[in-house]
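K.L.:
Make a model of this:
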Amino acid sequence: MIKLKTLDSINLRRSIRKFEDKPVPGELIEKLLALTVKAPSGKNIQPWRFVVIEGPKKQDLVNLLRKGAKTLQQQGINVGSCEWTAESMEQAPVIIMIYNGEGQPGDDRNGINRYQWSVNIQSIGGAIQTLLLAATALGLGTLWICDVFFAEEQISELLGRGDEMVAAVAVGYPAQSPEARPRKDWREVTSWVK
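P.N.:
Coordinates of the predicted model:
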């Protein structure tokens, strides 16, 4: 098993879109999730909920995504690189769906509810980043996916979820080593107030 230091994981993490045809042992996914839930959580609410999908159900999820994207395309809505995402999801042996267990689709986000929703979503974002870095340290590749929103209702129905979908993460052994994507220099995006 590969173990990297935190800074190495940050520098080596990449969005992986091609995966080896090799299963990820359940114990490794369990370890990954055990590390993920150590993420910081506003008010310690820990709103994240995970659904691990493998096998035939994973293909059902991909089929729903393709169908949802096709329906939206027929309505003139741009679905971007959704087909490429679906191909990556098919290759990955594991998809982890991430939900906000404290929220429901269409929740009113005004006032205090908006504040709490923002806190929860930030916490879940931290958990997803922790998952990505932990996976890198464990020798796994990941792809953070938001295209699942093109079939949000259908996927949630498939999984029996009534809470708010946030994202999906494809997980597997990487079959590619992409170069780092360009990033803006930190000085370009930072204001320093003294």
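
K.L.:
okay, CA-based contacts and neighbour counts for the rest of this
P.N.:
Noted.

K.L.:
Tell me where the chain has helices.
P.N.:
6-12, 26-36, 55-74, 82-91, 111-137, 152-159 (DSSP state H).

K.L.:
Which strands or helices does the fifth one pack on?
P.N.:
If I follow you right, that is helix 111-137. helix 6-12, helix 26-36, strand 48-53, strand 94-100, strand 141-145 (3 or more CA pairs under 8 Å, 6 or more residues apart in numbering; DSSP states H and E).

K.L.:
Which strands and helices lie in contact with the longest one?
P.N.:
Meaning helix 26-36. helix 111-137.

K.L.:
The helix it packs on - what's its average pLDDT?
P.N.:
Average pLDDT, helix 111-137: 91.

K.L.:
list the buried ones in that helix?
P.N.:
For helix 111-137, burial by neighbour count (16 or more other CA atoms under 10 Å) applies to 116-117, 119-137.

K.L.:
what stretches of the protein score poorly on pLDDT?
P.N.:
The chain contains residues with pLDDT under 70 at 1-4, 108-112.

K.L.:
can you pull the contacts of the residue nearest to residue 89 when sequence neighbours are not counted?
P.N.:
The shortest distance from residue 89 to any non-neighbouring residue, by CA to CA, 6 or more residues apart in numbering, is to residue 170 (6.0 Å). Neighbouring residues of residue 170 by CA atoms under 8 Å, 6 or more residues apart in numbering: 88, 89, 92, 93, 94, 95, 96, 142, 143, 144, 145.

K.L.:
and what of residue 161?
P.N.:
For residue 161, no residue meets the contact criterion (CA under 8 Å, 6+ apart).

K.L.:
Equivalent analysis for the one 3 residues further on, please.
P.N.:
When the contact criterion is CA under 8 Å, 6+ apart, the partners of residue 164 are 99, 100, 101, 102, 103, 104, 105.

K.L.:
shouldn't the last one be in contact with residue 166?
P.N.:
No - no contact is recorded between residue 105 and residue 166 when judged using CA atoms under 8 Å, the distance being 9.9 Å.

K.L.:
coming back round to it: partners of the residue nearest to residue 89 in the sheet?
P.N.:
Applying DSSP bridges to residue 170 gives these bridge partners: residue 95, residue 143.

K.L.:
how close does it sit to residue 38?
P.N.:
20 Å (CA to CA, to the nearest Å).

K.L.:
State the number of residues packed around residue 157.
P.N.:
11 (other CA atoms under 10 Å).

K.L.:
now residue 104
P.N.:
For residue 104, the neighbour count with other CA under 10 Å is 14.
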